[in-house]
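Engineer: Below: sequence and its predicted model.
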Amino acid sequence: MSENHELIPRSVLIPIEGVLLADHIAKNYDAVSAFCPDPSDLLIATYPKAGTTWTLEIVDLLLHNGDLEICRRAPIPVRTPFLENFARVGIPSGLDLLATMDPPRVIKTHLQFHLIPKGFWENKCKVIYVARNAKDNLVSYFHFNHMNLTHPEPGPWEGYIQKFMRGQVPWGSWYEHVKGYWKERENKNLLFLFYEDMNENPRREIERIMRYLDLSLSDDVISRIVEQTSFKNMTTNPTVNYSFIPEPVFDHSRSTFMRKGIVGDWKNHFTPEQAGAFDEDYEKKMKEVNIPFRTQL
């Protein structure tokens, strides 16, 4: 590890209403909670590494009629502020950015349902939630936590599985996260999407998002958005691939921000014993909901 890596301390996790958040977020959570959105604002919520950036880019292109140049006007965290993030190297404060922007705004969050500022529900803002199956989400988050030097050290794979299962990672329990939004999907103005569906048929899911946003774009424009948001094109787009984040924050030699973008990579990581123990624990934690996740296509 180079000396530069010591410039930014790794986060310490602090519980807020039962959810572990990085200390710089937890200490400022009251300000986040008090944020009052405009009714025209759109919130995109995910557990980390569940297709967040992909969805943000799709939405930005939909809102700008597929104009790639407009959607390269700034890096993705500037175009779509990260609500609870407070300024770190390379990523501006979400609340500071939002204060400078006129509605309607597209806002990103990883907060669990019960931590979302109440104004989003009171103002009936549109909310898109993207969920990814637990095993693939765990694998992607493991690699991300290795390259994100501001997150707590993830440690070895075997131990990380246990941390993930116990919710001892930034933004807490995957299980509680997806259940919270799933249970409220019909009570709120909420579009619930699956990463696996987006991977299987991106055009179909992009059209679902378009209709939810009350937009009507031509087939040619939709085709262009499908092409521009393919994994290949996303990885080479400097405004979304997070290559703009400096090394003291993201160590791109450990992993790229966008690593594989596939369904089923968990099979390359879990041993049969680990998969069996994980599945048994999963059944206990998810028994009261029937969320149709797929772990392979």
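Structural biologist: Done, it's in.
Engineer: what about the stretch 101-250 of the chain, any weak spots by pLDDT?
Structural biologist: Counting by pLDDT under 70, the low-confidence segments of the stretch 101-250 of the chain come to 241-246, 250.
Engineer: Which residue ranges of it form strands?
Structural biologist: 106-109, 126-131, 190-194 (DSSP state E, counting those that start in this stretch).
Engineer: What is the distance between the last one and the centre of its chain?
Structural biologist: Right, the one you point to is strand 190-194. 13 Å (CA atoms, centre = their mean, to the nearest Å).
Engineer: With the first one instead?
Structural biologist: Taking CA atoms, centre = their mean, one finds the center of strand 106-109 at 9 Å from the center of the full chain.
Engineer: So what touches it?
Structural biologist: 37, 41-45, 52, 56, 59-60, 63, 77, 79-84, 94, 98, 116 (CB atoms under 8 Å, 6 or more residues apart in numbering). Quick note: C-beta positions are derived from backbone N, CA and C, even for glycine.
Engineer: Tell me which of those fall in helices.
Structural biologist: 52, 56, 59, 60, 63, 77, 79, 94, 98 (DSSP state H).
Engineer: Out of the residues you listed, which is nearest to residue 159?
Structural biologist: Checking these against residue 159 with CB to CB, the nearest one is residue 52 at 25.1 Å.
Engineer: Find the residue closest to the closest one in space, skipping its chain neighbours.
Structural biologist: residue 46 (4.4 Å; CB to CB, 6 or more residues apart in numbering).
Engineer: For the one you found, name its beta-bridge partners.
Structural biologist: Partner residues in beta bridges with residue 46, using DSSP bridges, are residue 130.
Engineer: Number of residues surrounding it?
Structural biologist: 27 (other CB atoms under 10 Å).
Engineer: contacting residues for it?
Structural biologist: 52, 55, 110, 129, 130, 131, 132.
Engineer: now the strands of the stretch 101-250 of the chain in CSV, with mean neighbour count and distance to residue 218?
Structural biologist: Below are the strands of the stretch 101-250 of the chain laid out as CSV (neighbours: other CB atoms under 10 Å; distance: least, CB to CB, whole Å):
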stretch, mean neighbour count, distance to residue 218
strand 106-109, 23, 22
strand 126-131, 24, 22
strand 190-194, 19, 22
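Engineer: Reformat those strands as JSON lines; add distance to residue 233.
Structural biologist: As requested, the strands of the stretch 101-250 of the chain are exported to JSON lines (distance: least, CB to CB, whole Å):
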{"stretch": "strand 106-109", "distance to residue 233": "20"}
{"stretch": "strand 126-131", "distance to residue 233": "19"}
{"stretch": "strand 190-194", "distance to residue 233": "20"}
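Engineer: wait, which of these is closest to residue 18?
Structural biologist: strand 106-109 (16.9 Å).
Engineer: Over to the closest residue to residue 237 other than its chain neighbours: give its phi and psi.
Structural biologist: In this structure, residue 237 finds its nearest non-sequential neighbour in residue 72, 7.4 Å apart by CB to CB, 6+ apart. Main-chain torsions, residue 72, degrees, to the nearest 10: phi -110, psi 20.
Engineer: Done for today, thanks.
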